[in-house]
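K.L.:
After the sequence you'll find the predicted model.
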Amino acid sequence: MATVIVGCKLPHGLQVNLGGVKVVLRGANSSRILGGFGITRDVDKDLIEGWLKAEAKNPIVANGMVFIATTDREADKAASEREGEKSGFEGIDPKKPGKDLKKADD
């Protein structure tokens, strides 16, 4: 069985399920982080490639929040290239809470 390294930028990771086989991907809050991506090693290559293909239109996949790499160097490069990408789960800046929101009174 060939395995790969998988990066996931979602805060709490992701459970991947394909054909009844499940794997839990580490997220951005895990202890193994690379450019904001949680890193999961030794993921079955066929499983994750099949899942990525099946979920190609899912915004998580389409926006690069999950990637696969075969080496540490490749994982580092992929994470670095996507480091600035937003997952939509980032915290709110209390000084600039965002559109249609106002700062709470102190």
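P.N.:
Good, I have the coordinates. Numbering: from 1, shown residues only.
K.L.:
Report how many residues lie close to Asp100.
P.N.:
By the criterion of other C-beta atoms under 10 Å, Asp100 has 5 neighbours. (Each C-beta comes from the backbone N, C-alpha and C, glycine too.)
K.L.:
now the one 4 residues further on
P.N.:
Neighbours of Ala104 under the rule other C-beta under 10 Å: 7.
K.L.:
What separation do you get for it and Asn29?
P.N.:
In this view, Ala104 and Asn29 are 25 Å apart by C-beta to C-beta, to the nearest Å.
K.L.:
next one: Asp100
P.N.:
Per C-beta to C-beta, Asp100 is found 27 Å from Asn29.
K.L.:
Could you do Leu47 as well?
P.N.:
Applying C-beta to C-beta to Leu47 and Asn29 gives a distance of 23 Å.
K.L.:
Repeat that for Asp76.
P.N.:
Counting by C-beta to C-beta, the separation of Asp76 from Asn29 is 19 Å.
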